[in-house]
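> need a 3D model of the following:
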Amino acid sequence: MKITPQLLNDTAIFITLVVMGTAAIVALLKLADFSKRDKAAFRKAWFRGGMFCVLIYFLLSWRFSLGSPAVVFLLILIVGALLFLRLGPRWEDFRRWIPYVVWVYFWTAALIGWRAGWLGVLFVTLPTVLVFGLGLFVVAGFLLPFPKPEIERRGLPTPPTEGIVIPKFKYEWYDFWALMRYPENKEARKQWFEQQRKALRSLISYTLGTNYAYYVVVDEKIMRRTEGDRTWLTDEERLIKRRDGDPFREFMAGPGIILTGCDHAVAISTGISFKGVRGPGVIFTGMSETPMQVVDLRVQLRAFPVEARTKDGIDINVFTFTPFQIGTGKEVPTLGKGFPYRASDVFKAMHAQQIVHMDPSQMPEDLQKHAWYDLPRVAGQRIMREIISRYTFDDLYAPLELHADPGQDPRSKIGKELQEGLERVLPEWGLQRIGSGISNLMPADERLIDQRIEAWQADWARQITLRRAAGQSRRLHLVEQARAQAQIDIILAISERMEQLRGAGVDAIAGHFIEILQDLAEKATLSRFLPQGTGNVIQSARKQMGTDSTSHTEE
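Predicted structure coming up:
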């Protein structure tokens, strides 16, 4: 058969489709930010396979007149199967049938357009390829929960924010229009484009099975993952792997993904070096990068018992607590954004973590790790032991009445010293103290309280006895003083009256003396100091005075 113009035209269309398919697959991989090696591998495979099909088609059409679309499609299927079975390294989980499906899709669209000639290629095949590529690029962004960038809308309608919000296509279109049109959204447009590229690469690598590991950070109480009364999850328990992946793959390897809430970040490491902290939100990891540790950005509360020894050698138990968080640089949480933190403080916290040998033999199984959220407990125990060692047991249990200022009692002073000690240590570890405090100070041996109570009782009993003796002595002194004063008053009163009655005679003086005794006997304060029977003596004296007076009258 001769080489006809129709055969040359069909061959030219075939070659154009090969070039178009090669350019399309390379453009898609470039848009997804794959490496040059990946693009070169697909470019060579696609172009060589296509040109081989062109050659076979030309020979079949020239020699055997077998250039029908059915023969071409069968040729495409066979060459594609042989081609993509050898593509890439021989991994068990590498899905080679995915590139084969793309190959079949493209050549199906190409053959449909080919039947209409060059116009079919231009208006059928080319739009089909563009719709497929751009559709993947746009749809990939909806598969990951990217935060929406802040954009300038210039009066365009904004989606409602109150009540139940149902996404509508028109608002998405308005946002996309404003994002692409207005120059004020240049940075937001750049951010959106980079997010779409990463999402597209993640979609392609996930489909091929060449992705790195996917993780999600959870924050909920899962009973089978907690121990005892613990209601919070450790860093290892919060990080859950959703999809496995080899972080050292190279061919068509996609990024790993870590999804966190607004209150968590993740420290990334290569196993050799610390790559920094990322998040909150959607985190992408590269080659050899793995999540090292989850960082909770919220305020943490750690409460722990402390066993300390006083200055006089008595063991004391005190319950200590301190709320803290990763350093924020005085930033506060903002609605719609992740919790703030300083990357330098996270770096300090990661490097401040400790590995302690619990046994002098230093066996590996006896190692204990103190994570960053345990550092306040480690520092608090050391500071409290140092503070308690400066007090005696009696100082700690001194009555509050002995302190004029309530803030100067031992418990308040110890709490203040604890705050000052934590303020010195925690910032060096990238931690920010929110507060701290202590409970009541209790001796480790409860019998010591009874012994101290008995000792205090004996001391107070001795003081009570001394005070009672002093009071009794004072009372006796006052009684003797009152008795002496009464005697002096009587003598003075009698002396004054006798001086007045000097010339009145003996009977008048005796009568007056009896009246004085009668007055003293009638006074309650003085009657108890008079001898018993004083009243009878006075009555007898009065009678005698009356008899003597009658006798003198008769005479």
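> could you say what helices and strands the longest helix seen in the chain packs with?
Ranked by residue count, the top helix of the chain under DSSP state H comes out as helix 447-500. Contacts defined by 3 or more CB pairs under 8 Å, 6 or more residues apart in numbering; DSSP states H and E place helix 447-500 against helix 506-522. (Each C-beta comes from the backbone N, C-alpha and C, glycine too.)
> okay, now Phe14: neighbour count?
23 (other CB atoms under 10 Å).
> that one is in what secondary structure piece?
helix 5-31 (DSSP states H and E).
> just the buried residues of whichever helix or strand comes after that helix, please?
Counting by DSSP H and E, the next helix or strand C-terminal to helix 5-31 is helix 36-59. Using 16 or more other CB atoms under 10 Å as the test for burial, helix 36-59 gives 38-39, 41-43, 45-47, 49-50, 53-54, 56-58.
> only C-alpha atoms, please: export stretch 268-280 in CSV.
C-alpha atoms of stretch 268-280 as CSV (Å, rounded to 0.1, in the frame of the first residue of the first chain):
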residue,chain,number,x,y,z
ILE,A,268,8.9,17.0,63.6
SER,A,269,12.1,15.1,63.4
THR,A,270,14.2,13.2,60.9
GLY,A,271,15.5,10.9,63.6
ILE,A,272,18.8,12.7,63.4
SER,A,273,17.8,16.4,63.6
PHE,A,274,14.9,18.4,65.0
LYS,A,275,13.0,20.0,62.1
GLY,A,276,10.9,22.3,64.2
VAL,A,277,7.3,22.4,65.3
ARG,A,278,4.3,22.8,62.9
GLY,A,279,0.6,23.4,63.2
PRO,A,280,-2.1,23.6,64.4
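> any idea of the mean pLDDT for it?
Average pLDDT, stretch 268-280: 87.
> returning to what we had before: which pair in the buried residues of helix 36-59 spans the largest distance?
Asp38 and Phe58 (30.6 Å; CB to CB).
> all strands for this protein, in order.
Secondary structure of the chain (DSSP state E): strands located at 214-217, 239-243, 256-259, 264-269, 274-278, 282-285, 290-296, 300-309, 315-326, 354-357, 367-370, 431-433, 437-438, 442-443.
> same for the last one, what does it pack against?
The one in question is strand 442-443. Going by 3+ CB pairs under 8 Å, 6+ apart, strand 442-443 lies up against strand 315-326.
> what comes up buried for the strand it packs on?
Neighbour-count burial for strand 315-326 [16+ other CB under 10 Å]: 316, 318, 320-326.
> same thing with stretch 337-353?
Applying 16+ other CB under 10 Å to stretch 337-353 flags 338-339, 341-342, 345-346, 348-350, 352 as buried.
> coming back round to it: average pLDDT across the longest helix of the chain?
77.
> now it and strand 315-326, what's the angle there?
Interaxial angle of helix 447-500 relative to strand 315-326 (axes from the mean of the first three to the mean of the last three CA atoms, to 10 degrees): 110 degrees.
> run the chain-centre distance for helix 447-500.
Mean-position distance between helix 447-500 and its chain equals 67 Å (CA atoms, centre = their mean, to the nearest Å).
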